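> coordinates only, sequence not included:
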């Protein structure tokens, strides 16, 4: 019997119940999918690092372009070290391919004891020592379509070198696409003699790894970590992006919970007499509340179950289409297998249940508290909404939101920023009856009866109107805030790109990998090409400023000391310097992450030593989330003894043609060894990457809007059904079907308009927090606010049209029944 | 004024039901008739057919010389708007409009100028004993008072025919008596014809004549 009492109302309105289930499922699916995808990618990274480290207890690393191999000798002789294995890792450019191949140079005699995965089964040992042989992982063989005995061409500097594939590594696919060769051969091949990328250490039995790491006195810019911790840096790098997506998924879930709330509140109000009857027949308040909560729980269980299944499917599809980084570019070259995380499943399953239960709680408690005698009377349903008319909780939430927005981040995460958005959202929704009444009171009277009836009906029931509005306000605010934030971001990026690309043409040795570069001789040859008025070379590399953080990009460009003030997109003041220290220009993320302001000092590891710089200014940079430091290339060359360059900016001489200059340079170096791009091409590519990064955001936004629209139509539909007697009476006294349809369309239009006004105002407030708090604290990016007026106007028009049509359709459905019978219906 | 000839109506379905069979009725202007009969015999169905809210299977209805059969839904609605007033058992007063605006509804439908509407509403509310209560909301009124509002709404536009379906079914005897007296007085004062459907002999006694509806048609 209890089962029937719980399932009866759900099955009585299957469409409405299904919408609630789908809304919960959507939120659960989105959150679960984001966790699954990122968890799988991080897990794959960690497994790859562990496979590479083999039996090593710890790995010592330095700057991306390596460190002096004398460090290896010192480590190998250190007390407590049983075995040390050096390696050189180079992401080698392959002519004709966009993505590089990671080549690992190893000392076969040492790696053989520590990293068995780096060996080929049954291979000729001499092949492991030859200068021109490599062993490929199975993934690399599949990617390259090459097999044993085939040749492989790699680029070193601008020269192409051919290697022979001598066999396949015994390892499984955890390493991804890699090639292994002798370390001395790799050093020679890539012009890195005396340089290493890592040293894997096996400690003697009884030596505590953590204590050993603590006592290590490594040269500047180097760090030691356990192999199992390798994924944590990647995890930290992707965390801000992932947390943002998680929060969006939670907003979708919140919207689903709101849909359950509005549906249950309207349903319970309509069933007030039935529920009162249960009380009259002997059900206690607790039993009534339990029945109604059980309804919510049922919706939650089905929604969460569907959501988890949907999330799994969504994760598979998303990984196929946008990749393991969800389009953000963190995990290129990684094709992880999807790993189902029971913890994530449990978390999001429970969140789905919690959303459904929380949505049902208010209506259940209100129904249980209602006096049965009063509730049995027709017209008592208005009491059910009395609690919604109290604005104080809403005002308190709004005030809390304003305070939370001003608080600093916790562990680099904008926790209070998110809480501020949640508080604003909650505060607005709790204030909806008051806000709705305020806005409706401002609509002027009209002589059209259908419009008058519609407005009066809404004015008299602001709490019900607010219930219809709750989901649409949440969805619209999310859509508007994201649209404003993304538009501000995109406009700022576009303006930034225009400013940082002043040259006529850009030349680079390789867009991916670090094996290709211009030597001093190459640079001289380019300078000699006719038609070039001015040439600027850029050298970039990754340096470690803080072992707990990902590497920072060090940019060394010609002429920075003379033109930085004029050329850089600077934010804030410029420090006046006395010239005693070289100047460094920090990107916004670098300044925030390392807590530096103009006038401060910053130490940068170069050539195994720390060098002091003075922070001259902060510049806007959207390209490097982990921070960038720009210094003059002359200073860099003097301190590092590295005279090579990766990129060049070319200003053409008056009358010179771009095609002539590119052809002249290509003739000198070979078209496959270098890449040209005009500022326009770089800009277009950058913006397409930007758009891809936000693909998932757009999808989540669309999902939330869909839930909101569904919520609005569901609420309008259920209210229209509840008013069938009213329509029946109106038909009796001579109101035509068309007039009733117009009345409902007006109601839908007005409700949607009120929802859009409130949702848009809330959305602008949320976008302000997203831009100035969440983005700044997550990614340390500043941006100018830009409102996409045309897009928003279109969005508003579509939402108004859809709400109007929905209400009209709901009215048509209500009028399909016999208007005559409707006036006789008691329940 | 009203001519109902050989009217038949059945409801199809798995358990199809003949409700009215060959029913005829003539009603002159100013005539007040009560229709009684057992539940399910078709009293309310007859009212709905007369009001053009439902279509008969056979037979014809003429209201003020206009045959309903030739009219589409909108035309029947306009005819109902002009010539008929309804009083229901459950009052059916719009809860979100005040009393005056509830009563004003039929005039608004007929595009009567606002000033004229206000004057007529005030007069009508006085007539039903609710003078000065126009600004009250329906939830502030008792059942008897709500039915007075319904009567005012049914007569405000001076219809030729008033259809009252169990108008006292939800009222106590004292209130029922007052409402019936008011209904008769208002109908007679305005020269309208009226059909009162009821189970109550006391209610039927207020009519000029009483008709009993049976499966075989009208008797008495």
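Thanks, I have the structure now. Just so you know, these numbers come straight off a predicted model, no measurement behind them.
> near the closest residue to chain B within the stretch 501-650 of chain A, how many other residues are there?
Nearest residue of the stretch 501-650 of chain A to chain B (C-beta to the nearest C-beta) works out as residue A:622 at 53.4 Å. The way it works is simple: take the backbone N, C-alpha and C, and place the C-beta from them, glycine included. Residues lying near residue A:622 (other C-beta atoms under 10 Å in any protein chain shown) number 21.
> with adjacent residues omitted, what lies nearest to the closest residue to chain B within chain A?
Nearest residue of chain A to chain B: residue A:734, at 2.6 Å (C-beta to the nearest C-beta). Nearest non-adjacent residue to residue A:734, counting by C-beta to C-beta, 6 or more residues apart in numbering or on different chains: residue B:81, 2.6 Å away.
> model confidence score at that neighbour, please.
Listed pLDDT for residue B:81 reads 89.
> return the distance of the helix or strand harbouring it from the chain's centre.
Assigned by DSSP states H and E, residue B:81 belongs to helix B:73-83. Centroid separation for helix B:73-83 versus its chain: 14 Å, with C-alpha atoms, centre = their mean, to the nearest Å.
> hmm, back to that, for the residue of chain A closest to chain B, give me its contacts.
Contact partners of residue A:734, counting by C-beta atoms under 8 Å, 6 or more residues apart in numbering or on different chains, are B:77, B:78, B:80, B:81, B:82, B:84, B:106, B:109.
> and if we set it to 6 Å?
B:77, B:80, B:81, B:109 (C-beta atoms under 6 Å, 6 or more residues apart in numbering or on different chains).
> which parts of chain A sit against chain B?
Counting by C-beta under 6 Å from any C-beta of the partner chain, chain A comes close to chain B at A:449, A:456, A:457, A:460, A:729, A:732, A:733, A:734, A:736, A:820, A:823.
> let me have these in a markdown table, adding pLDDT and secondary structure as columns.
Output for those, formatted as a markdown table (pLDDT from 0 to 100; DSSP: H, G, I helix; E, B strand; the rest coil):
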| residue | pLDDT | secondary structure |
| --- | --- | --- |
| A:449 | 81 | helix |
| A:456 | 85 | helix |
| A:457 | 82 | helix |
| A:460 | 81 | helix |
| A:729 | 86 | helix |
| A:732 | 85 | helix |
| A:733 | 85 | coil |
| A:734 | 86 | coil |
| A:736 | 85 | coil |
| A:820 | 58 | helix |
| A:823 | 62 | coil |
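> okay, the residue of chain A closest to chain B and residue B:54: tell me how far apart.
Distance, residue A:734 to residue B:54, using C-beta to C-beta, to the nearest Å: 16 Å.
> same thing with residue A:72?
Residue A:72 is 97 Å from residue B:54, by C-beta to C-beta.
> same thing with residue A:136?
For residue A:136, the distance to residue B:54 - C-beta to C-beta - is 83 Å.
> what about residue A:148, neighbour count?
Other residues lying near residue A:148 total 15 when counted by other C-beta under 10 Å.
> backbone phi and psi for it, please?
Backbone geometry at residue A:148, expressed as degrees, to the nearest 10, gives phi -60, psi 130.
> repeat that for residue A:136.
According to degrees, to the nearest 10, residue A:136 has phi -110, psi 150.
> I'd guessed it sits against residue A:180; true?
No: the criterion here is C-beta atoms under 6 Å, and residue A:136 misses it with residue A:180 at 8.1 Å.
> more neighbours: those two, which one.
Per other C-beta under 10 Å, whichever of residue A:136 and residue A:180 has more neighbours is residue A:180, with 31 against 28.
> tell me what the helix holding residue B:81 is packed against?
Packing partners of helix B:73-83 (3 or more C-beta pairs under 6 Å, 6 or more residues apart in numbering or on different chains; DSSP states H and E): none among the helices and strands.
> distance of the residue lying farthest from the centre of chain A relative to residue A:659?
In chain A, counting by C-alpha atoms, centre = their mean, residue A:733 sits farthest out from the average C-alpha position, at 57.7 Å. Distance of residue A:733 to residue A:659, computed by C-beta to C-beta: 81 Å.
> about what we covered before: turn the contacts of residue A:734 into a markdown table, including neighbour count.
Below are these laid out as a markdown table (neighbours: other C-beta atoms under 10 Å in any protein chain shown):
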| residue | neighbour count |
| --- | --- |
| B:77 | 24 |
| B:80 | 27 |
| B:81 | 18 |
| B:109 | 21 |
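> mind naming the longest helix for chain B?
In chain B, assigned by DSSP state H, the helix with the most residues is helix B:173-190.
> just to revisit the earlier point, and the residue farthest from the centre of chain A, its phi and psi?
Phi and psi for residue A:733, reported as degrees, to the nearest 10, are phi -90, psi 10.
> residue A:605 too?
phi -80, psi 120.
> give me every residue that touches the residue nearest to it when sequence neighbours are not counted.
Spatially, and ignoring its direct neighbours in sequence, residue A:605 is nearest to residue A:221 (2.8 Å; C-beta to C-beta, 6+ apart). With contact set as C-beta under 6 Å, 6+ apart, residue A:221 has these partners: A:62, A:63, A:543, A:544, A:605.
> of the residues you listed, which belong to strands?
A:543, A:605 (DSSP state E).
> TSV for the contacts of residue A:221, including distance to residue A:400 and pLDDT?
As requested, the contacts of residue A:221 are exported to TSV (distance: C-beta to C-beta, whole Å; pLDDT from 0 to 100):
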residue	distance to residue A:400	pLDDT
A:62	47	83
A:63	45	78
A:543	42	89
A:544	40	87
A:605	44	90
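> which one of the contacts of residue A:221 has the most neighbours?
Going by other C-beta under 10 Å, residue A:62 tops these with 26 neighbours.
> quick check on the residue nearest to that residue when sequence neighbours are not counted: phi, psi?
Counting by C-beta to C-beta, 6+ apart, residue A:62 lies nearest to residue A:222, which is 4.3 Å off, once chain neighbours are set aside. As for residue A:222, its main-chain torsions (degrees, to the nearest 10) stand at phi -120, psi 160.
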